[in-house]
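*Asks:* I would like the atomic coordinates for the input below:
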Amino acid sequence: MKTDLREMIGKIEYQEFFQQLYEIALKGMNVGSTAGRYDQSGEKYVLEYIYNIVKNRPATSVILDVGANVGAYAKQVLNVFGEKAQLHCFEPSKTAFAALSESLKAGNVHHHNYGFGSSGDCRELFTNHWGSGQASLFKRTNTTDLLNFREVIEIKRLDDWIVENKIDRITLLKMDIEGGELNVLKTIESVLSQSRIEYIQFEFSIGNMYARNYFSDFFQLLSPSYKIHRIVQNGLWEISEYNDSCELFVAANYLAVLKPR
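*Replies:* A predicted model of the protein is given here:
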């Protein structure tokens with residue numbers, strides 16, 4: 001006898017059941033629930049994964065932490081790479097930068113009190129409180145996450161910085177800048193095409209909705225030279241083909257891995 005699914009569910013409302021199932025599935029794919037929690041987000045796994053590949057190289061690994069905030073991710077980098085990293089931390093907020101500079105004083109860490117974007121100028125940074133990790137160049141209007149505080153910050157182009165500092169090769173470019181990631185990547189298209197950056201970690205979240213860019217933009221830009229993965233709690237899930245289900249404006253981290261030439 002065929003049993004109707006509604007009967008199997010019982011007292012739980014039919015739609016509520018599937019809503020709960022949907023939320024469980026998102027958590028299982030590391031979307032939304034663990035962003036910023038390095039012990040659960042899979043980011044520690046990624047750092048160890050990269051380190052095990054590069055650790056026997058004679059040169060130190062150049063790592064850029066764009067959107068370093070107060071240094072939580074940078075500390076994870078140092079925990080894994082130690083002195084094998086040449087770590088550059090970029091944080092435009094004066095409040096967050098002060099905390100970053102105070103907490104990270106290792107000789108192989110370089111602090112920069114500016115951010116990156118599509119042009120070199122001064123911009124307004126919107127935030128919900130001073131030093132917040134949600135600070136963004138794009139003002140959010142959703143009622144649960146109003147960014148009402150603001151400060152003027154300095155913005156540069158990453159391609160100019162790479163030239164000025166004579167950076168030939170970057171092991172890891174990590175970006176968590178609340179919707180500004182795509183603009184930064186567009187400034188370094190020539191660097192990407194030359195295979196000078198091995199790994200790119202970027203966040204895709206609600207900030208991208210306010211920036212009016214989509215996961216398809218990242219995929220089209222990166223997929224010719226990189227394999228793109230969602231970072232899950234215990235590894236990497238490759239996104240071999242783009243599809244509409246990728247357009248989830250809920251915080252998740254992705255890793256682009258340079259394809260062999």
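
*Asks:* so where is the stretch 51-200 of the chain shaky, pLDDT-wise?
*Replies:* Low-confidence segments of the stretch 51-200 of the chain, defined by pLDDT under 70: 142-147.

*Asks:* That one: strands as residue ranges?
*Replies:* 61-66, 85-90, 109-112, 115-116, 121-127, 149-156, 170-175, 197-204 (DSSP state E, counting those that start in this stretch).

*Asks:* The fourth one: partners in the sheet, and parallel or antiparallel?
*Replies:* Sheet pairing here is set by DSSP bridges, and for strand 115-116 it gives strand 149-156 (parallel).

*Asks:* so how far is the strand it pairs with off the chain centroid?
*Replies:* Chain-centre distance of strand 149-156: 19 Å, with CA atoms, centre = their mean, to the nearest Å.

*Asks:* Grab the CA positions of that strand and hand them over as PDB.
*Replies:* C-alpha atoms of strand 149-156 as PDB (Å, rounded to 0.1, in the frame of the first residue of the first chain):
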ATOM      1  CA  PHE A 149      28.400  53.400  11.000                       C
ATOM      2  CA  ARG A 150      30.700  54.600   8.400                       C
ATOM      3  CA  GLU A 151      34.300  55.800   8.000                       C
ATOM      4  CA  VAL A 152      36.400  57.000   5.000                       C
ATOM      5  CA  ILE A 153      39.100  54.500   4.000                       C
ATOM      6  CA  GLU A 154      41.800  54.200   1.400                       C
ATOM      7  CA  ILE A 155      41.400  51.900  -1.500                       C
ATOM      8  CA  LYS A 156      44.100  50.700  -3.900                       C
END
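
*Asks:* and the angle for it with strand 85-90?
*Replies:* 130 degrees (axes from the mean of the first three to the mean of the last three CA atoms, to 10 degrees).

*Asks:* Taking strand 121-127 as reference, get the angle to strand 149-156.
*Replies:* 140 degrees.

*Asks:* Go through strand 149-156 and flag the buried ones.
*Replies:* Buried residues in strand 149-156, defined by neighbour count with 16 or more other CB atoms under 10 Å: 149, 153, 155, 156. All C-beta atoms are positioned from the backbone trio N, CA, C, and that covers glycine.

*Asks:* Please report the distance of the first one from residue 131.
*Replies:* So that's residue 149. 10 Å (CB to CB, to the nearest Å).
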